[in-house]
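1. structure for the following, please:
(2 chains)
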Amino acid sequence: NAGVMQNPRHLVRRRGQEARLRCSPMKGHSHVYWYRQLPEEGLKFMVYLQKENIIDESGMPKERFSAEFPKEGPSILRIQQVVRGDSAAYFCASSPTTGREQFFGPGTRLTVL
Amino acid sequence: DQQVKQNSPSLSVQEGRISILNCDYTNSMFDYFLWYKKYPAEGPTFLISISSIKDKNEDGRFTVFLNKSAKHLSLHIVPSQPGDSAVYFCAASAGSSYKLIFGSGTRLLVRP
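-> Next comes the predicted model:
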């Protein structure tokens, strides 16, 4: 039973480029969450999605960031016109219901040059 | 405004002894608490959780204690093993909100 899958594991972008991070939840899980971790800090909630719906995006910056979880395929976190401050580890988590435990993927480490 | 605080950035313990990791919170609406373990370059791994209707939950070597009046929880690992060396995060959530609020983590080193 595969866990939460994220790709790429490492992503390097130059300032102004776009970054696309993908997340496939655990089998049977229909709830996806994205978190960001800056160096030496805890994880910060960004967005919560169910299939085809954004439920809570209160932690996501209003500009340049967007997320989707289509009916088919992985969830995508998209960052347009990246800046150096976007450099961080981005983690995806999934849960089977609105249950309280979330299971995390290995993360995507984004580096903006 | 840090709602979940882990005031000890690091902890060093001898193998076989007890490790106690602490977490404080400020939001009285939090009613579910979780501990995650994280190795470098990996995602957090769920360890144990506790609902606010309980004051203790145990799973093997891991026990979480919750003191609601003090808004404090702790994770006890006994006996500690070198493989337990990792960063431990405390997280909390409130009611119907699904977002987890994380502390900044405590780095545990278990010395052989």
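
2. distance check, the residue positioned nearest the centre of chain A against chain B.
-> By C-alpha atoms, centre = their mean, the mean C-alpha position of chain A lies nearest to A:W34, the distance being 3.8 Å. As for A:W34, its distance to chain B is 10 Å (criterion: C-beta to the nearest C-beta, to the nearest Å). All C-beta spots, glycine's among them, are computed from the backbone N, C-alpha and C.

3. quick one: contacts for B:D59?
-> Counting by C-beta atoms under 8 Å, 6 or more residues apart in numbering or on different chains, B:D59 touches B:47-48.

4. again, 7 Å this time
-> Counting by C-beta atoms under 7 Å, 6 or more residues apart in numbering or on different chains, B:D59 makes contact with B:I48.

5. for it, which residues make a bridge with it?
-> B:F62 (DSSP bridges).

6. ok, it to B:H72 distance?
-> The gap separating B:D59 from B:H72 is 20 Å, by C-beta to C-beta, to the nearest Å.

7. returning to that earlier point: make sure the residue nearest to the centre of chain A is indeed in a helix.
-> No - counting by DSSP: H, G, I helix; E, B strand; the rest coil, A:W34 falls outside a helix, being strand.

8. following element in sequence after the helix or strand of chain A with the lowest mean pLDDT, please.
-> Within chain A, no helix or strand scores below strand A:53-56, which has a mean of 92 by mean pLDDT, DSSP states H and E. Using DSSP states H and E, the helix or strand that follows strand A:53-56 towards the C-terminus is strand A:65-68.

9. pull up the pairing partners for that next one, direction included.
-> With DSSP bridges as the test, strand A:65-68 pairs up with strand A:75-79 (antiparallel).

10. what's next to the least confident helix or strand of chain A, contact-wise?
-> So strand A:53-56 is in contact with A:47-49, A:67, B:98-99, going by C-beta under 7 Å, 6+ apart.
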